[in-house]
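Q: with the input below, show me the fold.
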Amino acid sequence: MPQTMTSADLRTRNQVRLLRAVHDADAPLTRADAARRLGIGRNTAGALVAELERARLLHEVPAETSGRGRPTTLLVPHPDGPLAFAVDFREDAWTLASVALGGAITELEGGEHDRTPRAFADIRAAIERHASGRLAVVGFATSGPIRDGRRLHISHLAWEDVELDDLIGADWPTTAVDNDARLAGLAEARRGALRGMGTAMHFHIDFDIGGTLLLGGDAQRGAHNIAGEFGHMPLTGSALRCMCGVLGCWSLDVGANALMRRFGGEPGYGTGRELAQEVLRRAEDGDPEAGAAVDANAAALGRGLGALANALDPEAISLSGLGVDLIRLRREVIEDHCAEGLMAFRRDEPPRIVSGTVGAAGPLTGAAEIAWDAILTEAWVRARR
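A: Numbers count the residues shown, from 1 in each chain. Purely as a prediction, here's the structure:
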């Protein structure tokens, strides 16, 4: 039997809706803006703002005036309000940032790590150095899939079934963890190139390629929280065996590892990022050998995108990480090979392939979003009052 909502419950729900509107907005809202978005009267909006100000969750500041008229105010994070921390854990390095309501990111610390799970202790120490009583939740983006939300697999580091409960223990603040490519896609859906799209795909290219399918802005997770391992599908016909155990993974042909392998390097274990950046620079300067390597990377990317577009029918596909460089340097190669991989009847309306506008900060921004998702709940706001 459904429970009856009390007036206090309704007030809390509207407070969360108001905080969510402020957080999601491209620019600070006025009270009138907030009232329109929530479909409530200005007096009700004013009462909500006053309650959230007392709870140190929201603050009003005067807006810049541009002539005559009644002065107005803007809704901004409270100076003593909660903060989220966001972590981007890559195969070779990590970044820690602080994130206020509204999504403003301030980088705090970062560095390389030793490619072992001991890196989590270094990150925990960094969180401790920067934390205050305002820290509410940590959002954590990690390379590699996380089976059932607990067991981390990073094949290029030879991490198999690493228990997250052992790495992020009781001494950590409340922490939400997800895959980096999925979080980069979430960032583009909420704050970037995929905003407002019903069906879209995002691919984050670093050492290899990972991605996510977004439906109504929500990144799909699958039955065991490991959906989106598109890089480990045999889409491009490679004869090599991936470190994940699969023969012919798409990721063998796309990303920094593929560029490194092209120049005789031994990819894996989080090495080769600098070489990949050097190859891209040389290709841009007209070096034929580097250009051919980038051509091959872009062609493999396009072929895989075409195959996945046949299956999933996205409105648009966005790219981040090295994908931004590939689309800048070899857009035509990517689009031509994507079109070749499309079924004939799809070729007159191929999906748009765009650079992500959140950029390299995609995983960090996505980590911030899942942290704030954990904060902007009725239970959390009720406990704050």
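
Q: please enumerate residues in contact with the helix or strand hosting Gln277?
A: According to DSSP states H and E, Gln277 maps onto helix 273-284. Contacts to helix 273-284, defined as CB atoms under 8 Å, 6 or more residues apart in numbering, come from residues 92, 206-207, 255-256, 259-260, 262-263, 265, 289-291, 293-294, 322, 325, 329. C-beta: built from backbone N, CA, C; applies to glycine.

Q: filter the residues you listed to the buried ones?
A: For those, a burial check counting by 16 or more other CB atoms under 10 Å picks out 92, 206-207, 255-256, 259-260, 262, 290-291, 293-294, 322, 325, 329.

Q: what's the closest of these to Gly217?
A: Closest approach between the buried ones among the contacts of helix 273-284 and Gly217, by CB to CB: Asp206, at 23.2 Å.

Q: the closest one against Glu91, yeah?
A: Yes: applying CB atoms under 8 Å, one finds Asp206 in contact with Glu91, separated by 7.4 Å.

Q: identify the contacts common to the two.
A: Counting by CB under 8 Å, 6+ apart, the shared contacts of Asp206 and Glu91 are Ser143.

Q: list the buried ones in stretch 321-335?
A: Gly321, Leu322, Gly323, Val324, Asp325, Leu326, Ile327, Leu329, Arg330, Val333, Ile334, Glu335.

Q: can you add pLDDT and secondary structure and give those residues back as CSV?
A: Below are the buried residues of stretch 321-335 laid out as CSV (pLDDT from 0 to 100; DSSP: H, G, I helix; E, B strand; the rest coil):
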residue, pLDDT, secondary structure
Gly321, 90, strand
Leu322, 91, helix
Gly323, 94, helix
Val324, 93, helix
Asp325, 94, helix
Leu326, 96, helix
Ile327, 95, helix
Leu329, 95, helix
Arg330, 96, helix
Val333, 97, helix
Ile334, 97, helix
Glu335, 97, helix
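
Q: need the residues you listed in TSV with distance to Ala136, can you?
A: Formatted as TSV, the buried residues of stretch 321-335 follow (distance: CB to CB, whole Å):
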residue	distance to Ala136
Gly321	29
Leu322	33
Gly323	32
Val324	32
Asp325	35
Leu326	37
Ile327	36
Leu329	41
Arg330	43
Val333	45
Ile334	41
Glu335	43
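
Q: got the buried residues for the strand or helix carrying Ala309?
A: In the assignment (DSSP H and E), Ala309 maps to helix 288-312. By neighbour count on 16+ other CB under 10 Å, the buried set for helix 288-312 is 290-291, 293-294, 296-309, 312.

Q: now do the same end-to-end measure for stretch 104-119.
A: 26 Å (CA to CA, to the nearest Å).

Q: contacts for that stretch?
A: Contact partners of stretch 104-119, identified using CB under 8 Å, 6+ apart, comprise 77, 85-86, 89, 91-100, 122, 126, 129-130, 157, 159, 162, 166-167, 269-270, 361, 364-365, 368.

Q: so which of the residues you listed sit within strands?
A: Counting by DSSP state E, the contacts of stretch 104-119 place 77, 85-86, 89, 93-99, 159, 162 in strands.

Q: what comes up buried for the helix holding Gln277?
A: Neighbour-count burial for helix 273-284, counted by 16+ other CB under 10 Å, picks out Arg273, Leu275, Ala276, Val279, Leu280, Arg282, Ala283.

Q: just checking, Glu107 is part of a helix?
A: No: using DSSP: H, G, I helix; E, B strand; the rest coil, the assignment for Glu107 is strand, not a helix.

Q: could you pull up the mean pLDDT of stretch 148-161?
A: For stretch 148-161, mean pLDDT rounds to 86.

Q: centre of the chain to it, how far?
A: 19 Å (CA atoms, centre = their mean, to the nearest Å).

Q: show me the shaky parts of this protein.
A: Scanning the chain for pLDDT under 70 picks out the ranges 1-3, 65-71, 268, 270.

Q: care to break it down by domain?
A: Domain assignment for the chain by automatic domain parsing gives 7-77, 83-183+363-384, 194-357.

Q: give the burial count for the closest residue in space to Leu322 that isn't next to it in sequence, as a bare number.
A: Distances taken as CB to CB, 6 or more residues apart in numbering place Ile205 nearest to Leu322, at 4.2 Å, with adjacent residues excluded. Residues contacting Ile205 under the criterion other CB atoms under 10 Å number 28.

Q: mind checking the SS state of Arg17?
A: Using three-state DSSP, the structure places Arg17 in helix.

Q: now do the contacts for the closest residue to it other than its chain neighbours.
A: Among residues not flanking Arg17 along the chain, Leu38 sits closest, at 5.4 Å (CB to CB, 6+ apart). The contact partners of Leu38, by CB under 8 Å, 6+ apart, come to Asn14, Arg17, Leu18, Ala21, Ala45.
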